[in-house]
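Chemist: Provided below for reference: sequence and predicted model.
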Amino acid sequence: MSVLAKAVQNGSPTSLHNSPAQQIVKDHITPSLESLIRKHVRGQPAGDGDADDLVDKLMNGGRSIALPTTPGSDTRAATKSSRSAIRMSTASSAKLVSACRTQGISVTSAVNAAIIRVTAQSAQAPEADSYVIWAPCDLRRPLIAAGVKECLQPVGTYLSGLPLRIEGVVKYMENGESIPGKSFSTLASELATFYSQDVESYKLPSARSGKTVSLLQLAEPYVEKITKAFSTFPLRGCPYPKTPVISSLGKLDEFIRNEYPKEGNDALPASKLHITDFWVSCEVATPVIIFNPWTWGGEITLSAAFNESWYSTEFVGSILGKAIGELVEGLKIGPVSYRTVNSTCFSSSRFHRTYVFLANSIFQIATTPQHN
């Protein structure tokens, strides 16, 4: 971002030499996750049985719940991807974070619990009573801790997906209506346990004896099993891909600062580039809604990416609103202040629009030069 800010401020191409972006120019194809693990991670890979244990967790059990698609859209091909988002004020965001800390859960767990409860209130397929997804798992940080310097570059896909299955999330009434089968606090607690597991000492689903494995050691056989499983979709118990998925981006302030002072002898004392806003680009080619919560500038944003072939902006907006309602009620934080953020927020000509690839995501950056 510092290199990008310098380029925008100078109004001309800025040299990438001696910058963190230089490696992007030199290495057009980054090393794969498996090759990095073979090269840097010590010890023998985990066995096929351990990998089977994880895959079986996804396939064996109740059918997964899903959000309904637009009527008559089942046979449609993917068209335009779109985004909707809700952004909470700094005061309301602080109140939500404080409530999560009080209950001993993460914001990610709370948001995921809210989405599950909202989904559970929709009409479901027969026998659907579970929430089943491949939950994104970041392996970049443990690789960096293991001394894998290649992961310090901003590009490269160094993540995996772990099977997340929660049973009994729907209860069916006598009239056929579906309602949440578990309370917000119960769901959030189960999710907090899942999300807080140590990547280096991960407890296998069937490990009653407490057996743990390193997900880095498990990565290679696990990827092979997942690839084989994907070739047999739809999986038993998982009506991929209509179950809503959450992928939390965490605090983005460490990646994108709100101000970048201009460097050099010609810089005015108060000359700076101000980051007004940004979007995380997420192309969706299947009937699934991907929720991305993040914090920036003290404000929590809950973004939803979807494809217009299967969902409307109005429907997604209603789901976001209901999720906020579940958060308010479940965390007992009272009224909160938030606003809807449209994906066309950068249409004004007074903004510069720039795209930058950073940490596995594409950010659309809105900037405006400021001179005081």
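Modeler: Looks like it came in fine.
Chemist: ok, now how distant is K211 from A51?
Modeler: Going from K211 to A51 by C-beta to C-beta, to the nearest Å gives 14 Å. C-beta here means a position set from N, CA and C on the backbone, and glycine is covered the same way.
Chemist: List every C-alpha atom in stretch 190-203, with coordinates, as CSV.
Modeler: Taking Å, rounded to 0.1, in the frame of the first residue of the first chain, the C-alpha atoms of stretch 190-203 are listed here in CSV:
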residue,chain,number,x,y,z
GLU,A,190,-19.5,-24.1,19.6
LEU,A,191,-18.1,-21.8,16.9
ALA,A,192,-15.6,-20.2,19.3
THR,A,193,-14.3,-23.6,20.2
PHE,A,194,-13.8,-24.5,16.5
TYR,A,195,-12.2,-21.2,15.5
SER,A,196,-9.8,-21.1,18.4
GLN,A,197,-8.1,-24.4,17.7
ASP,A,198,-4.4,-24.4,17.3
VAL,A,199,-3.2,-25.0,13.8
GLU,A,200,-0.1,-26.8,15.1
SER,A,201,-2.1,-29.0,17.5
TYR,A,202,-5.5,-29.5,15.9
LYS,A,203,-7.8,-32.1,17.5
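Chemist: Quick check: mean pLDDT of it?
Modeler: Mean per-residue pLDDT for stretch 190-203: 90.
Chemist: And it, what's buried?
Modeler: Neighbour-count burial for stretch 190-203, with 16 or more other C-beta atoms under 10 Å as criterion, is recorded at E190, L191, A192, F194, Y195, V199, Y202.
Chemist: picking up where we left off before, neighbour count for K211 and A51, which is higher?
Modeler: A51 (22 against 12; other C-beta atoms under 10 Å).
Chemist: Could I get the buried residue list for the helix or strand where the more buried one lies?
Modeler: Assigned by DSSP states H and E, A51 belongs to helix 48-59. The neighbour-count check on helix 48-59 (16+ other C-beta under 10 Å) flags D50, A51, D53, L54, V55, K57, L58 as buried.
Chemist: Which of the three states applies to the closest residue to the last one other than its chain neighbours?
Modeler: The one in question is L58. In this structure, L58 finds its nearest non-sequential neighbour in P163, 3.8 Å apart by C-beta to C-beta, 6 or more residues apart in numbering. Of the three states, P163 takes strand under DSSP: H, G, I helix; E, B strand; the rest coil.
Chemist: Count residues in the vicinity of P163, would you?
Modeler: Close neighbours of P163, defined as other C-beta under 10 Å, add up to 21.
Chemist: do E283 as well
Modeler: 11.
Chemist: The stretch 101-250 of the chain: helices as residue ranges?
Modeler: With DSSP state H, counting those that start in this stretch, the ranges of helices along the stretch 101-250 of the chain come out as 107-120, 140-145, 184-195, 215-230.
Chemist: Okay, buried residues for the longest one please.
Modeler: Pointing back at helix 215-230 there. Neighbour-count burial for helix 215-230 flags L215, L216, Q217, L218, A219, E220, P221, Y222, V223, K225, I226, A229 (criterion: 16+ other C-beta under 10 Å).
Chemist: Equivalent analysis for the shortest one, please.
Modeler: The neighbour-count check on helix 140-145 (16+ other C-beta under 10 Å) flags R140, P142, L143 as buried.
Chemist: Run through the residues that contact the spatially most central residue of the chain.
Modeler: Centroid check for the chain by C-alpha atoms, centre = their mean gives S247 as the closest residue, at 1.6 Å. Applying C-beta atoms under 8 Å, 6 or more residues apart in numbering to S247 gives the contacts P136, I290, F291, N292.
Chemist: Would you agree the third one is in contact with I115?
Modeler: Yes: contact criterion C-beta atoms under 8 Å: F291 and I115 qualify, at 6.0 Å.
Chemist: Name the residues contacting each of the two.
Modeler: Shared contacts of F291 and I115 (C-beta under 8 Å, 6+ apart): P244, I246, A323.
Chemist: how deep is the closest residue to W294 other than its chain neighbours tucked in, by neighbour count?
Modeler: Among residues not flanking W294 along the chain, L249 sits closest, at 3.9 Å (C-beta to C-beta, 6+ apart). By other C-beta under 10 Å, 19 other residues sit near L249.
Chemist: Go ahead and confirm L249 touches I290.
Modeler: No: counting by C-beta under 8 Å, L249 stays clear of I290, with 11.4 Å between them.
Chemist: residues in contact with stretch 297-304?
Modeler: 83-90, 92-94, 96-97, 107, 111, 253, 258, 279-280, 282, 289-295, 316, 319-320, 323-324, 341.
Chemist: Equivalent analysis for stretch 67-84, please.
Modeler: Defining contact as C-beta under 8 Å, 6+ apart, one finds that stretch 67-84 is touched by 119, 122-123, 242-244, 279, 282-287, 289, 303-313, 315-317, 319-320, 340-343.
Chemist: pLDDT weak spots in the stretch 51-200 of the chain?
Modeler: Counting by pLDDT under 70, the stretch 51-200 of the chain contains low-confidence residues at 153-156.
Chemist: Thanks again, I'm all set now.
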